[in-house]
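K.L.:
structure here, sequence nowhere to be found:
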């Protein structure tokens, strides 16, 4: 009688490369795939830092108005970076490829 565990094929060739990489190399790989994502993240962080820096010298502007302006500026930068990223991707996908 044949042992059934030996006749079954075991596939151990599962690619675990995405699990083996650390956070830094994963961020670098993702940045190469979509270069405007880190630009959007950096711009968002810069606008928030500038808004917090200007918080103490906002004059007689209400806190809520200052925070709304800061949020709108940060969101606008991120949406702009996403739009530029999509335009860049569309350019590479449709116009930069040589036609066969």
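P.N.:
Structure's in. What do you need? All of these numbers come straight from a predicted model, not from anything done at the bench.

K.L.:
nearest residue to the middle of this structure?
P.N.:
The C-alpha lying nearest the average C-alpha coordinate of the chain belongs to residue 37 (C-alpha atoms, centre = their mean; 3.8 Å).

K.L.:
that one against residue 85, yeah?
P.N.:
Yes. Contact criterion C-beta atoms under 8 Å: residue 37 and residue 85 qualify, at 6.9 Å. Placement of C-beta: from N, CA and C, glycine included.

K.L.:
remind me what the helix or strand encompassing residue 87 packs against, helices and strands.
P.N.:
Element membership for residue 87 (DSSP states H and E) is helix 63-90. If you count contacts as 3 or more C-beta pairs under 8 Å, 6 or more residues apart in numbering; DSSP states H and E, helix 63-90 packs onto helix 36-53.

K.L.:
run through who's touching the helix it packs on.
P.N.:
Residues outside helix 36-53 that contact it (C-beta atoms under 8 Å, 6 or more residues apart in numbering) are 27, 30-31, 66-67, 69-70, 73-74, 77-78, 80-82, 84-85, 88.

K.L.:
now it: buried residues?
P.N.:
Neighbour-count burial for helix 36-53 flags 36, 37, 39, 40, 43, 44, 47, 51 (criterion: 16 or more other C-beta atoms under 10 Å).

K.L.:
how much space between the second one and residue 70?
P.N.:
When C-beta to C-beta, to the nearest Å is the yardstick, residue 37 and residue 70 sit 21 Å from each other.

K.L.:
swap in residue 60?
P.N.:
17 Å.

K.L.:
also residue 54?
P.N.:
Distance, residue 54 to residue 70, by C-beta to C-beta: 8 Å.
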